[in-house]
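Engineer: What follows is a predicted protein model with its sequence.
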Number of protein chains: 2
Amino acid sequence: MRRQPTVTDVASAAGVSRQTVSNVLNTPQIVRAETRERVERAIASLHYRPHASARRLRTRQSETIAVRLDPVTDGISGSLLDRFLHALAERAGRAGFRVLLYTAADEPAEIAQFGRLLDGADVDAFVLTSTHHGDTRIDWLIEHDVPFVTFGRPWGVADMTDPEHLWVDVDGRHGLTLATGHVLDRGARRVAFLGWPAGSGTGDDRRAGWRSTMEARTDLSRAELDVLDLAVEEDPTDGSIAARLVATIDPAPDAIVCASDSLALGARLALGDRVPIVGYDDTPVARALGLSSVAQQLDEVAEGVLDLLIGAHRGRAGGAEGVDDPQHRLVKPRLVVR
Amino acid sequence: MRRQPTVTDVASAAGVSRQTVSNVLNTPQIVRAETRERVERAIASLHYRPHASARRLRTRQSETIAVRLDPVTDGISGSLLDRFLHALAERAGRAGFRVLLYTAADEPAEIAQFGRLLDGADVDAFVLTSTHHGDTRIDWLIEHDVPFVTFGRPWGVADMTDPEHLWVDVDGRHGLTLATGHVLDRGARRVAFLGWPAGSGTGDDRRAGWRSTMEARTDLSRAELDVLDLAVEEDPTDGSIAARLVATIDPAPDAIVCASDSLALGARLALGDRVPIVGYDDTPVARALGLSSVAQQLDEVAEGVLDLLIGAHRGRAGGAEGVDDPQHRLVKPRLVVR
DNA sequence: CCTGGCTGTTTGATCGATCAAAGGACAGCG
DNA sequence: CGCTGTCCTTTGATCGATCAAACAGCCAGG
């Protein structure tokens, strides 16, 4: 590991001062074009690269985003975070940002991590996933004025466009509208929904997509829809049990749309391919089973997160006065038909 | 974001000098017990935490490990890296290390990333996954004397205990010995192997586990084993095709052991549960399908990687003279029976 | 000819820690 | 009493960058 050249080396090579080199890198517009080119040549020929730690010490910014790696979910959709992380790391890298991982067993532990990472100036913004109603992490971050964006809406808040914090989410309701519409287009009429127990924002949102589509496009009564509306825990085994139950409904459902690929897998194992099934998340499992599935556009989510974090808002809700950009993004998912 | 206390603040609170505070943190044994306690109390009461960037600037160490997030594999086993990362991040955190992510489209791009991350003193060691024979990344890292450990053996090298670089791997051969032994114990005799085309170190290793167990514990001839030895690409669809082919063999196989859960899923979809199938990787899919599967002990792998990286070897093969610790770890997988 | 404004560049101080070397207290010994 | 060696603590310099302010050169205006 050879010694790296410093600004001073570049400066003397180019016949200018340290600060001018720094200006070329940080505020090139204030340097005369001719000087700038000379410095840039010196930078290139010496293979100079700024020392990140030194810069961070002075600027008190780390250009690093921290993301928590969830305790292993053990779910079929576990690789979702993986895909999101990949998209985020790639885009962050392009924008000159780094992505740091951390883990925490629970919320208090995570808040302790916040402190640790911030104090050391290791990190200057957070991306929170798996948020929920009454999330203490959000309160802490707001209180300490730390930039952050959540992947997940603030469920339970009256007006979600309210600038309490920045967020990006996928429009699950739209996803289920697509899924339900798709099977209806293919001739189904009695479409069952296999989802999670009421109370989870995400689950209810997806259910609403199914229900509103059914109400709009079929003449099934409320009561009939209630019968077609199943709620079980996120687990293929539970999905199988529910699917067998669905099959006994008379008249039998034409199709099943699910809140997740886990449930879809369970349904598929129980029912085979007699009944069209649509999953959610477009995991490898759906691909392997040949199931249609709603794909979250994680690239777009990552893009949105970074925009909010390093764009005009700089990760703070209402922080940038007079910025018209929306303080959230609702990404439309896509239906992958198989 | 309140101003953080610095060493100087702690020093004056404790009535000592900066350096003594620093010593308490870094080399506590040289500080008198009484002084140390006084300083520790001051640290606690001020909630002092060292500024990571400042320390890094001075020490030229970042206590940060970089791991590449693979281009999305889209495989059933995609979440393996996820689980490994989680284990690594958790253990690294406990040891005071951070884990930084990066992405790269190909090897040259990854090597460019090495340079970028090292120059900025962002990172002082790398963990490489998905290594292969003739990996140019390894040559580069050795040449530039950068500490690193690979998750994956140096296939194609005569003596793998050779200290060319540090590595950790899972003993796939042992895994297939377990899997094959298990179905033999349950009464199977003609056990087929569903794996990948010869040439991949990992795949051949797993195949060898199956083959040696069959040779040792059954009286099937070489030719008979050759018939039971299938090789297809890593994809459930290909797995299904191969499994249907296997079923036509006369006499029919009693069981199938697979090189991956993807293949096992394919086999399971093609054959149902008539034939016992054992997968590899213990992914959520195997769990959902109720398939037995060989579980890589990723916790142990992560542990091993960190040991090599921050233990006596400090990430350099042969670097630490007189250290007797082995320069690699071969982790034994476990069979999860379902 | 001096002053003021503007542009572009340089200088000295600083961020918060650690390193290297010096310094002080005290005991043991001649 | 003075010298030496231990043990512990302090002092000044330094890591590599940016900030803030000073400075030089030039032109326009009085």
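Structural biologist: In hand now; what should we look at?

Engineer: only C-alpha atoms for contact and neighbour calcs from this point on.
Structural biologist: Noted.

Engineer: Could you measure from the residue of the stretch 151-300 of chain A found nearest DNA strand D over to B:A13?
Structural biologist: When scored by CA to the nearest atom of the strand, the stretch 151-300 of chain A has A:L166 as its residue closest to DNA strand D, at 25.5 Å. Taking CA to CA, to the nearest Å as the measure, A:L166 and B:A13 are separated by 40 Å.

Engineer: Who has more neighbours out of those two?
Structural biologist: Taking A:L166 and B:A13 together and counting by other CA atoms under 10 Å in any protein chain shown, A:L166 has the greater number of neighbours (29 against 17).

Engineer: domain parsing for chain A?
Structural biologist: With domains defined by automatic domain parsing, chain A comprises A:1-38, A:53-170+A:300-331, A:172-295.

Engineer: Pick the most deeply packed of those domains.
Structural biologist: Stretch with highest mean neighbour count among the domains of chain A: domain A:172-295 (a mean of 20; mean count of other CA atoms under 10 Å in any protein chain shown).

Engineer: Can you name the residues of the stretch 101-250 of chain A that neighbour chain B?
Structural biologist: Proximity of the stretch 101-250 of chain A to chain B (CA under 8 Å from any CA of the partner chain) is limited to residues A:101-104, A:116, A:119-122, A:144-146, A:235-237.

Engineer: Point out the least confident one among these.
Structural biologist: Across those, no position has a lower pLDDT than A:G120, which has 70.

Engineer: wait, it sits on B:H51?
Structural biologist: Yes: with contact defined as CA atoms under 8 Å, A:G120 and B:H51 form a contacting pair (4.3 Å).

Engineer: Can you tell me the number of residues neighbouring A:P333?
Structural biologist: Taking other CA under 10 Å as the neighbour definition, A:P333 ends up with a count of 22.

Engineer: And the residue lying closest to it once chain neighbours are set aside, its phi and psi?
Structural biologist: The shortest distance from A:P333 to any residue that is not its chain neighbour, by CA to CA, 6 or more residues apart in numbering or on different chains, is 4.8 Å, and that residue is A:Q296. Comment: the main-chain dihedrals of A:Q296 come out as phi -70, psi 140, following degrees, to the nearest 10.

Engineer: Can you report how many residues lie near A:Q296?
Structural biologist: Applying other CA under 10 Å, we find 24 other residues in the vicinity of A:Q296.

Engineer: who in chain A is up against DNA strand C?
Structural biologist: Residues of chain A lying close to DNA strand C by CA under 7 Å from any atom of the strand are A:15-20, A:30-32, A:34-36, A:54, A:57-58.

Engineer: Going C-terminal from the helix or strand hosting A:A286, what's the next secondary structure element?
Structural biologist: Of the helices and strands defined by DSSP states H and E, A:A286 is found in helix A:284-289. Counting by DSSP H and E, the element after helix A:284-289 in chain order, helix or strand, is strand A:292-295.

Engineer: Could you verify that A:A252 is part of a strand?
Structural biologist: No: the assignment for A:A252, made by DSSP: H, G, I helix; E, B strand; the rest coil, is coil rather than a strand.

Engineer: What separation is there between it and chain B?
Structural biologist: Plainly put, A:A252 is 25 Å away from chain B if you go by CA to the nearest CA, to the nearest Å.

Engineer: Could you pull up the residues touching that residue?
Structural biologist: For A:A252, the contact set (CA atoms under 8 Å, 6 or more residues apart in numbering or on different chains) comprises A:R190, A:V246.
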